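Participant: Provided below are the primary sequence and the corresponding predicted coordinates.
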Amino acid sequence: MSNPANRMIIMVESGQVQENKTKKNKVRGREAVMSSMHFNEKKVRRIPICISKVNIPNVEASIQSEIKVFSEQTGMGIAGFFQDMFWTRLVLQLSQSEPAIFNALSALNMAYGQMEQNINQRIHLTDGAIIHTYNAAIKFLVHRVATPGQGLHIHLVACIIFVCLEYIRASPSCTVSEQELITEVASIFHRLNVNTVTFEPSLSISRPPPSLQSHSFSNPIIFSSFIEARIRSYEYISEAIEFVAATVDLKYVPESITLDHALHQVRLQSQLQSWRQGFDQLRARKDKAWNEKEHTAYSIILMHNLTLKIWVSTCLTAAETSFDNFKSGFETIVDLAEEIIESGGKEFWRLRGNFQFDIGLILPLHFVGFKCRWPIIRRRALRILGSNYWREGPHDSHRSYRYGYKVTKEE
């Protein structure tokens, strides 16, 4: 806990939240009302910022209730298979001092609650309470943009929350250390890029490949933590999925494939393999210290790595038979998915929830159902997708199941 001198003083004045670390007296000024956040008028509050855990300040019951609901239900559900610091800590801390984040969080709370009650019901922003808090969040963001000297990190966090809200609506078109926050936000945008490119390749951003001279094909990767390995994994996966999307049509015109394409493919394969080696070494060192959720997260990320390794290795070959060389990879993906579900027992789906923000099981299982040419392995993947209805970002288990089922019927 920080001492009083370092605590943040939140003052409500003229419809905005102002921060002051030195003033200790009440501020006498113009009358202000922040009805959307239910603050009393012209009151000074000290809100301690705790880095190791989330503090819920002594504020009105409505605010405390919103933060508690997000902490215990919404945030945990959205984080899904991962102990995601962004949803379980950073957003909560920012919501205590930033009205834009608080109102965005409130809108997300309500939308998530409606979705959990009935996953088949489409969430509409015309709902009075949701649109009220959504508009309040936009209003405070606009005010920040118009205020000189304001950083961009709050706008990026709000953007991520709004993207999550769009995912819940089934609309795919859609004081913490600043450096720590930027790292988390950058990692999330890498994962959003994977969701976007796999769901709608036409929305991918065309970027030139990195210089091959700046990379070594044999450099070992040493990870000090699970979080570091996860961040690096999605950097590689994001680049790999863009390369796959860019070569979808090229592979049917062999003369269009250049040496640069081939070298880029080799480099991506090397990156994914080096990451796998480093990740396995991390597990060997940390395995006994990991809890059940971390073991589950390990399996999820490994499924993603295997999926992209197969996809990158075959993306320059038009023949569907090229996937026959990866039977063991397909089997491992399905084995890991079955182990994850079996480890959760009968309560797995109830505890997991109907929606999570990041990619998890659906994308790799969809890939197996679409590309694997061994009927038994494919049907095992479809059995999992058809066992329950849930969503991960823009990906829908029911849609993937129906797609794979139709493919099997055509065989």
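Facilitator: All right, it came through fine. A quick note: this is a predicted structure, and the numbers were derived from the prediction, not measured.
Participant: doesn't Ile384 make contact with Ala337?
Facilitator: Yes. In terms of CB atoms under 8 Å, Ala337 counts as a neighbour of Ile384; the distance is 5.5 Å. Bear in mind the C-beta positions are built from the backbone N, C-alpha and C, glycine included.
Participant: Show me the common contact partners of the two, please.
Facilitator: Shared contacts of Ala337 and Ile384, defined by CB atoms under 8 Å, 6 or more residues apart in numbering, comprise 361, 365.
Participant: Distance of Lys309 relative to Gly404?
Facilitator: 21 Å (CB to CB, to the nearest Å).
Participant: These two - which one has more neighbours?
Facilitator: Higher neighbour count among Lys309 and Gly404: Gly404, with 23 against 20, using other CB atoms under 10 Å.
Participant: Ile130 touches Ala104, doesn't it?
Facilitator: No. Taking contacts as CB under 8 Å, Ile130 lies outside contact range of Ala104: 10.9 Å.
Participant: Would you mind telling me which of those two has more residues around it?
Facilitator: The neighbour comparison of Ile130 against Ala104 (other CB under 10 Å) goes to Ala104, with 29 against 21.
Participant: quick one: buried residues of the strand or helix carrying that one?
Facilitator: Using DSSP states H and E, Ala104 sits in helix 99-117. For helix 99-117, the neighbour count (16 or more other CB atoms under 10 Å) marks 99-112, 114-115 as buried.
Participant: Count the neighbours of Val266 for me.
Facilitator: By other CB under 10 Å, neighbour count at Val266 equals 14.
Participant: what about it, which helix or strand?
Facilitator: Assigned by DSSP H and E, Val266 falls in helix 259-286.
Participant: Report the buried residues of that helix.
Facilitator: In helix 259-286, counting by 16+ other CB under 10 Å, buried: 261, 264-265, 267-269, 271-272, 274-276, 278-279, 282-283, 286.
Participant: Thr247: which of these is nearest?
Facilitator: His261 (6.6 Å; CB to CB).
Participant: which residues touch the closest one?
Facilitator: 247, 250, 316.
Participant: measure the second one to Glu228 for me?
Facilitator: Applying CB to CB, the value for Leu250 to Glu228 is 34 Å.
Participant: Check Asp280 too.
Facilitator: Distance from Asp280 to Glu228, by CB to CB: 15 Å.
Participant: what does Ala79 give?
Facilitator: Ala79 is 18 Å from Glu228, by CB to CB.
Participant: Ok, Leu263 next?
Facilitator: From Leu263 over to Glu228 (counting by CB to CB), the distance is 27 Å.
Participant: Equivalent analysis for Gln64, please.
Facilitator: Distance from Gln64 to Glu228, by CB to CB: 34 Å.
Participant: Would you mind giving the secondary structure of the residue most central in space within the chain?
Facilitator: Geometric centre of the chain, nearest residue: Asp358, 3.6 Å, by CA atoms, centre = their mean. At Asp358 the chain is in coil, as set by DSSP: H, G, I helix; E, B strand; the rest coil.
Participant: All set now, cheers.
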